[in-house]
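Enquirer: Show me how the following folds:
(one chain, ligands or ions: 2)
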Amino acid sequence: TKETYILGIETSCDETAVAIVKNGSEIVTNVVASQIESHKRFGGVVPEIASRHHVEQITMVLEEAFELSKLSWDDIDAIAVTEGPGLVGALLIGVNAAKALAFAKQKPLIGVHHIAGHIYANRLEQEFQFPLLALIVSGGHTELVLMKEHGHYEVIGETRDDAAGEAYDKVARMLHLPYPGGPHIDRLAAEGNVTIDFPRAWLEEGSFDFSFSGLKSSVINTIHNAKQRGEVLEDKDIAASFQSSVVDVLTTKTVKAALNHNVKQVIVAGGVAANKGLRNELVNKFADLDIPLVIPPLKLCTDNAAMIAAAGTISYHQGKRSGLDLNANPSLIL
Ligand code: KG4
Ligand code: ZN
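Expert: Ligands and ions are numbered 1, 2, ... in the order given. Just a heads-up that it's a prediction; the model follows:
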């Protein structure tokens, strides 16, 4: 049987990325141009700057992806692009590039949901075993998704306010750490002790939803009150205490959902999957339960286009196609 080569394009946030994936599971090339340095001094992603960078980068990133692959357009079966969710101006650059290429090269066009991409990053590591449970934790998302077959997603839990990564970034800001703050908190947490009993939002009995805004407020109040009383709180202990609350809720709910739905595999995705505390606790808990756990390497946890090509390959084989009227949809539903 013939090999399938899908070109992936991702521009939903602050990475301009193009990749080529073979048969949905093998990376041929995976080029990512990060803009983090340009957004750092603003303490977060500035949408207007993101769009401008995508415009400047996309052609070069595309050329580089082809150069490194030693493939030509003749080898490409279809073009997969993130259509949402994300920043609308940023998404539009990728969507328009993909549409122009699909038209010029006469290739099928496939719109991909960004979260489906994060999930399929795992298939670049290991074949899926259904039913599977995916924990997606990024700067914009915190979701538990149940999959019974390829390309079918059932969101069984999600955040009601802040995403996990967003909470990390906000707490990091309170501690005057640079953006993105997640990795800094992670590092500090490893040096500190859990000395503060921050709240854990379990929500209603049986709910797989999350909430991190109460925790965030509690961290602000704790820092504020300590300052007023002249108490010294070590940043590393705040980080360790905050992280233990986040990790406790994320891992406990993931375990409950996995047992509840009798899954054969648990996969993790999104930038926060890089968190050492989270990884360790997930590994411990699922080893005890004997449920296989997949956590992709850091490079595949954060935004990239290989994951979009991998998810796009499934859509391609399922016959799903987008028209040249494909539009960016910042609030696309999975
Ligand atoms: O998936 P991603 O690259 O972009 C989105 O789609 O949002 O995730 C970025 C998020 C940021 O909030 C960043 O602070 C967080 O992932 N992050 C971490 C770690 N590394 C990145 N959070 C906690 N611990 C880390 N080691
Ligand atoms: Zn993402």
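
Enquirer: you'd agree E143 is up against L133?
Expert: No - here E143 does not reach L133: they are 10.7 Å apart, not a contact under CB atoms under 8 Å. Glycine gets a C-beta too; all of them are placed from N, C-alpha and C.

Enquirer: what sits in contact with each of the two?
Expert: Overlap between the contact sets of E143 and L133, as judged by CB atoms under 8 Å, 6 or more residues apart in numbering, is nil.

Enquirer: what sits against the closest residue to S244 other than its chain neighbours?
Expert: Once flanking residues are discounted, S244 sits nearest to V194: 4.7 Å by CB to CB, 6 or more residues apart in numbering. Residues counted as contacts of V194 (CB under 8 Å, 6+ apart) are D237, A240, S241, S244.

Enquirer: Pull the number of nearby residues for the closest residue to ligand 2 within the stretch 1-150 of the chain.
Expert: The minimum distance from the stretch 1-150 of the chain to ligand 2, using CB to the ion, falls at S138 (4.5 Å). Counted with other CB atoms under 10 Å, residues neighbouring S138 total 24.

Enquirer: thought it was touching H118?
Expert: Yes - using CB under 8 Å, S138 is in contact with H118, at 6.8 Å.

Enquirer: For those two, list the residues in contact with both.
Expert: Contact criterion CB under 8 Å, 6+ apart; residues shared by S138 and H118: A269, G270.

Enquirer: Looking at the residue of the stretch 1-150 of the chain closest to ligand 2 now. What's its pLDDT?
Expert: pLDDT recorded at S138 is 92.

Enquirer: May I have the residues that are in contact with the closest residue to it other than its chain neighbours?
Expert: Distances taken as CB to CB, 6+ apart place G270 nearest to S138, at 3.2 Å, with adjacent residues excluded. Residues in contact with G270 (CB under 8 Å, 6+ apart) are H118, I136, V137, S138, G139, H141, G165, C301, T302.

Enquirer: Within reach of ligand 1, which of these are there?
Expert: S138, G139, G165, T302 (CB under 6 Å from any ligand atom).

Enquirer: ok, of these, which one's closest to V249?
Expert: The closest of those to V249 turns out to be G165 (CB to CB; 14.2 Å).

Enquirer: Does the closest one touch H118 like I think?
Expert: No - in this structure G165 lies outside contact range of H118 using CB under 8 Å: 11.9 Å.
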